[in-house]
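3D, please:
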Amino acid sequence: MTTEEPIEQLPRGIALAWGVAATPQRGPKREMSVERIVDAAIEIADHDGIQAVSMSAVAKRLGYTPMSLYRYVSAKDDLLLLMQEEATGLPPETEGVESWRTRLEELYEAQTRVYTTQPWLLSLPIMGTPITPNSSAWLDASLEALHDTPLTQGERVAASLLVTGAARWKGAVFAGYEEQGRVTGLNEAELAQQESQLFDAVISSDGYPSLRLAIDAGVFTSEDDPFGFGLERGLDGLADYIDRVGLERGDETSIAAGQVAKTASDVGESSAPGATLPADDTPSAEQSVVTDDDPDVVADKKYRESQKAVRQAQKVLAEARKRERQTLREAKERVARKR
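Residues are numbered from 1 along each chain as shown. The predicted structure is shown next:
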């Protein structure tokens, strides 16, 4: 996106996130900026929670009046959007050639760390897909991991949401336990033991037989990761689905090639000892051999070549976006060091 493109239709918060919003001509000293406002708001959220963030609280932290902030960020909703964008950051870069599954698992772990280190993100209202650079980069990374699979674009987005949803759910539960630990002073193991004792006090075999069996098996004090188990089984199902639709949609093996193989097999069977051709020695319609210049074969070959070209172009575009994200990351680091 460039500043030459029409941006008047963009909401103010999104325009700020992309760096295409107009900068106020009048305001306090140059030390004030959208970046400083967002950083101050995140510091408040990290320390006191998202409920403590307000325009007046941020202004007080920076030593300005609330009206000074409104020249840069005109609404609290815009501030929350920019906080989410900054705290989310960019996805980890992939190293070397990875399978789609390895890459999605890597993104799952990275997203989980984002939610567990800054749990106030989970308290932000979900108001549609955040159309911001960093949030878009996470979705792009997931889609990139799946671009060599036979999944449709819609299915790739759905698979990406599977990973994001699993990471968010794990982050929410861990954030809850962390808050409980902060309030009670208990560590994770002590909290689990406390829960187990409470279960023992109220859950009986008569009223909840299956849950009682699970408690007696020690599942609530186990070190096993139930969230990881759920994600792995979800990815197992996705892998099976990819294998199946790869055959159904002819991802690498064309339908015409399959017809050729079938025809060749039919001809081979009819030429086997004891087999006979029709009386006029002319193969039937079902036995007709498909040649390389057959229109269906030619069309299918062109289709496979175009698909290959599209995948190659997608890889080049993905590399360009990686370089763009790396440049942005380095620029932000340089700005942070100067402060």
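
Quick check: the gap between the nearest residue to residue 76 once chain neighbours are set aside and residue 169.
Leaving out its chain neighbours, the residue that sits closest to residue 76 by C-beta to C-beta, 6 or more residues apart in numbering is residue 55, at 6.0 Å. All C-beta atoms are positioned from the backbone trio N, CA, C, and that covers glycine. Per C-beta to C-beta, to the nearest Å, residue 55 is found 32 Å from residue 169.

picking up where we left off before, for the residue nearest to residue 76, which residues are in contact?
Counting by C-beta atoms under 8 Å, 6 or more residues apart in numbering, residue 55 makes contact with 66, 69, 70, 73, 76, 79.

quick one: buried residues of the helix or strand where the second one lies?
Read that as residue 69. With elements taken from DSSP states H and E, the one containing residue 69 is helix 66-70. Of all the residues in helix 66-70, those buried under the rule 16 or more other C-beta atoms under 10 Å are 68, 69.

now the helix or strand following that helix: mean pLDDT?
Next helix or strand after helix 66-70 toward the C-terminus (DSSP H and E): helix 76-88. Computed over helix 76-88, the mean pLDDT rounds to 94.

What is helix 76-88 packed up against?
Contacts defined by 3 or more C-beta pairs under 8 Å, 6 or more residues apart in numbering; DSSP states H and E place helix 76-88 against helix 12-18, helix 34-48, helix 55-62, helix 133-145.

got the angle for the third one vs helix 76-88?
Relative orientation of helix 55-62 with respect to helix 76-88: 50 degrees, computed using axes from the mean of the first three to the mean of the last three C-alpha atoms, to 10 degrees.

domain ranges for this protein?
For the chain, automatic domain parsing gives the domain ranges 12-88, 100-185+222-245, 253-271+284-298.

End to end on the first one, go ahead and measure it.
Spelled out, that is domain 12-88. End-to-end distance for domain 12-88: 19 Å, by C-alpha to C-alpha, to the nearest Å.

What segments of this protein are helices?
Assigned by DSSP state H, the chain shows helices spanning 12-18, 34-48, 55-62, 66-70, 76-88, 100-117, 133-145, 153-184, 188-202, 209-216, 226-248, 255-270, 295-338.

need the least confident one among those helices, by mean pLDDT.
Mean pLDDT per stretch puts helix 255-270 lowest among the helices of the chain, at a mean of 41.

Of all the residues in stretch 51-61, which ones are buried?
For stretch 51-61, burial by neighbour count (16+ other C-beta under 10 Å) applies to 53, 55, 58, 59.

if I look at the last one, how far off is residue 18?
Translated: residue 59. Distance, residue 59 to residue 18, using C-beta to C-beta: 25 Å.

residues near residue 79, how many?
23 (other C-beta atoms under 10 Å).

Over to residue 170?
22.

I'd say it and residue 112 touch.
Yes: counting by C-beta atoms under 8 Å, residue 170 does reach residue 112; the two are 5.3 Å apart.

related to what we said a few turns ago, pipe the domains of the chain into CSV and attach distance to residue 201 per row.
CSV is the format used below for those (distance: least, C-beta to C-beta, whole Å):
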stretch, distance to residue 201
domain 12-88, 31
domain 100-185+222-245, 17
domain 253-271+284-298, 60
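
Compare those and give me the one nearest residue 199.
Among the domains of the chain, the nearest to residue 199 by C-beta to C-beta is domain 100-185+222-245 (13.4 Å).

quick one on the thing from earlier: out of the domains of the chain, which is closest to residue 197?
domain 100-185+222-245 (13.6 Å).

one step back: let me have the helices of the chain in TSV, adding distance to residue 124 as columns.
TSV is the format used below for these (distance: least, C-beta to C-beta, whole Å):
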stretch	distance to residue 124
helix 12-18	12
helix 34-48	10
helix 55-62	16
helix 66-70	19
helix 76-88	6
helix 100-117	11
helix 133-145	12
helix 153-184	11
helix 188-202	25
helix 209-216	33
helix 226-248	21
helix 255-270	47
helix 295-338	21
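
Figure out which of those helices is closest to residue 94.
Here helix 100-117 is closest among the helices of the chain (C-beta to C-beta), at 5.8 Å.

so the closest one versus helix 153-184, what angle?
30 degrees.

Also compute the angle for helix 100-117 relative to helix 34-48, please.
70 degrees.

re earlier: if I look at the residue nearest to residue 76, how far off is residue 37?
9 Å.

Which residues are in contact with each of these two?
With C-beta under 8 Å, 6+ apart as the test, residue 55 and residue 37 both reach 69, 73, 79.

quick one, what contacts the closest residue to the second one other than its chain neighbours?
Right, the one you point to is residue 73. Distance criterion C-beta to C-beta, 6+ apart; nearest residue to residue 73, sequence neighbours excluded, is residue 79 at 4.9 Å. Counting by C-beta under 8 Å, 6+ apart, residue 79 touches 13, 37, 38, 41, 53, 55, 58, 73.
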